[in-house]
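Student: pasting the structure only:
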């Protein structure tokens, strides 16, 4: 790829094509073409060979989902979805992420002039991150998967702390960011209905979209999945998903409280805060998992879990869309087991048995 990120903008609105193109007109990004729908985009894709696509959800003739279904099996191309904030589009955006879109951003709406400045900075940042994403290798159907478990050894001190735990309850905490919805679908849908430990899920995502993600995972999974609410209890065989813009914290007795007091790593919900609060109650009976994502959220949480004698898992580099959070945790020495995405659910089941 050249130093410039070459972008194809796909939107059925001529005005939005112009707005998005102007947003992306920077020293490091070049909009090389625009398309009015999926059919038009397929032609432009062959003609211009962009590095990245911004893709509208709702379009005539061929919408965003149909376009993704056509290109993703054959092309390793980062796609960022642009979606208006409606319940229907929230659900469609989640499906687009499952199909292989790297990320999404809400379209400017209402007073366009007020929204543009807010959206522009985020869009440019997401384009730069997406351009570096590992799209080809994270396609698990094509990847030659190997067991990359780092010998899954536990120190004598880890085992001692685990034996000394006085709490009979257990909890699994899974954190994800960029590429997370697709990874979570892979993990959650493989966990059987008889899984007897409560699960907490933290996905970096704005409000509204987390509700749609929880509903989507609930429909596809054997266990119950719901967006967490104030006062929810952690229950065996149920997964609670942190709502967008709220930190999900665990209090005594396995009770959930939601907080907007602070952001950590400039994100809310923060994986670290959920993990650290859980360790205070569950101690060595905690299993932490960090999946694909940018940054270092989850490293501090896994450190707390491992220090308490619990177990920790990180997704491997080859199957991560963005190998940021798992790399940070691995390099910090707080990961017991590194696994490719299709093997993580089995590893959760295997290590959860050590918590009992």
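Tutor: Here it is on my side, so go on. None of these values were measured; they are calculated from a predicted model.
Student: And the strands in this structure, which stretches?
Tutor: Secondary structure of the chain by DSSP state E: the strands cover 5-10, 29-35, 52-56, 79-83, 103-106, 171-176, 198-203, 224-227, 238-241, 247-251, 255-259, 286-290, 311-315, 337-339.
Student: Save those strands as TSV, and put in mean neighbour count, distance to residue 275 and mean pLDDT too.
Tutor: For the C-beta atoms, the positions are set from N, CA and C on the backbone; glycine is no exception. Listed next are the strands of the chain as TSV, based on neighbours: other Cβ atoms under 10 Å; distance: least, Cβ to Cβ, whole Å; pLDDT from 0 to 100:
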stretch	mean neighbour count	distance to residue 275	mean pLDDT
strand 5-10	24	34	96
strand 29-35	19	35	96
strand 52-56	27	33	95
strand 79-83	24	29	90
strand 103-106	22	23	88
strand 171-176	28	5	98
strand 198-203	27	8	98
strand 224-227	19	19	98
strand 238-241	24	14	98
strand 247-251	22	9	97
strand 255-259	16	14	97
strand 286-290	30	5	98
strand 311-315	29	9	98
strand 337-339	23	16	97
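Student: how about CSV for the ones you listed, with distance to residue 350 added?
Tutor: As requested, these are exported to CSV (distance: least, Cβ to Cβ, whole Å):
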stretch, distance to residue 350
strand 5-10, 41
strand 29-35, 44
strand 52-56, 38
strand 79-83, 34
strand 103-106, 31
strand 171-176, 12
strand 198-203, 15
strand 224-227, 21
strand 238-241, 18
strand 247-251, 23
strand 255-259, 26
strand 286-290, 10
strand 311-315, 10
strand 337-339, 9
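Student: Based on its surroundings, how many neighbours for the residue nearest to residue 317 when sequence neighbours are not counted?
Tutor: Closest residue in space to residue 317, ignoring its immediate chain neighbours: residue 323 at 4.4 Å, by Cβ to Cβ, 6 or more residues apart in numbering. Residue 323: 23 surrounding residues under other Cβ atoms under 10 Å.
Student: Please apply the same query to residue 22.
Tutor: Neighbours around residue 22, by other Cβ under 10 Å: 11.
Student: quick one: which of the strands of the chain is nearest residue 118?
Tutor: Residue 118 sits nearest to strand 103-106 of all those, at 9.4 Å, using Cβ to Cβ.
Student: How far off centre is the closest one?
Tutor: In terms of Cα atoms, centre = their mean, to the nearest Å, the centre of strand 103-106 is found 12 Å from the chain centre.
Student: Mind giving me the packing neighbours of that strand?
Tutor: strand 79-83, helix 87-99, helix 112-131 (3 or more Cβ pairs under 8 Å, 6 or more residues apart in numbering; DSSP states H and E).
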